[in-house]
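[1] Quick one: sequence and predicted model below, then my questions.
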Amino acid sequence: MKTWFSAFCGMTLVATLNLVTQDAQANDRKVMLPITAAMSANDASSRLDNSVKFYFGKQATPKIEKRLVSDKTSKKTNAFGKSDEKACNWVFLSAMLQLQARAKELGANAVVNIVSNYDNVEFSSETEFECHAGAIMAGVALKGDFVKIAEK
């Protein structure tokens, strides 16, 4: 009797975990949001200082004096109880802060050709970024080239 009960409990636990995992995966939504709105949210303009400039997609840049390196960032944040937009804007800022910190570390004054790079699949846009939002987590992955641009 005890063996049957243990086996039943084990199967019930496996079935429950399987349903929870499937539900979490089903809640992974690709969300496209405007960069300008994200840069206006969460006090981003004061948290991203003017020492590093950001250029998305194929935006025109000042003359590039020196190319340093390409690098990427992937950030996640808690999305529980938040709208997709709120969670995605928050994690976008986190990714941008990481790009800024890396640029300063390298001595770069700009990050150019910034593209979304979720699961290493590039999406290039001058106006939008890609975020993946679920019931529990939201994530943004960005990739860009760290450079020194001519200062006016």
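    All right, it came through fine.
[2] So, low pLDDT: which residues of the protein?
    1-26 (pLDDT under 70).
[3] which strands and helices sit next to the lengthiest strand in the chain?
    Using DSSP state E, we find that the single longest strand of the chain is strand 64-78. Secondary-structure packing of strand 64-78 (3 or more C-beta pairs under 8 Å, 6 or more residues apart in numbering; DSSP states H and E): helix 84-106, strand 110-118, strand 137-149. C-beta: built from backbone N, CA, C; applies to glycine.
[4] Next, count neighbours for the closest residue to residue 29 other than its chain neighbours.
    Take residue 29 and drop its neighbours on the chain: the residue closest to it by C-beta to C-beta, 6 or more residues apart in numbering is residue 133, 5.2 Å away. By the criterion of other C-beta atoms under 10 Å, residue 133 has 25 neighbours.
[5] quick one: residue 133 from residue 39, how far?
    Separation of residue 133 from residue 39 (C-beta to C-beta, to the nearest Å) stands at 19 Å.
[6] Likewise for residue 135?
    Taken as C-beta to C-beta, the span from residue 135 to residue 39 is 26 Å.
[7] Those two - which one has more neighbours?
    Higher neighbour count among residue 135 and residue 39: residue 39, with 16 against 13, using other C-beta under 10 Å.
[8] Just give the nearest non-adjacent residue to that one, would you?
    residue 45 (6.6 Å).
[9] Over to residue 103?
    residue 52 (4.5 Å).
[10] And for residue 78?
    residue 137 (6.8 Å).
[11] Give the full set of residues in contact with the one you found.
    Each residue near residue 137 by C-beta atoms under 8 Å, 6 or more residues apart in numbering is listed here: 76, 77, 78, 79.
[12] Now which of those residues would you call buried?
    76, 77, 79 (16 or more other C-beta atoms under 10 Å).
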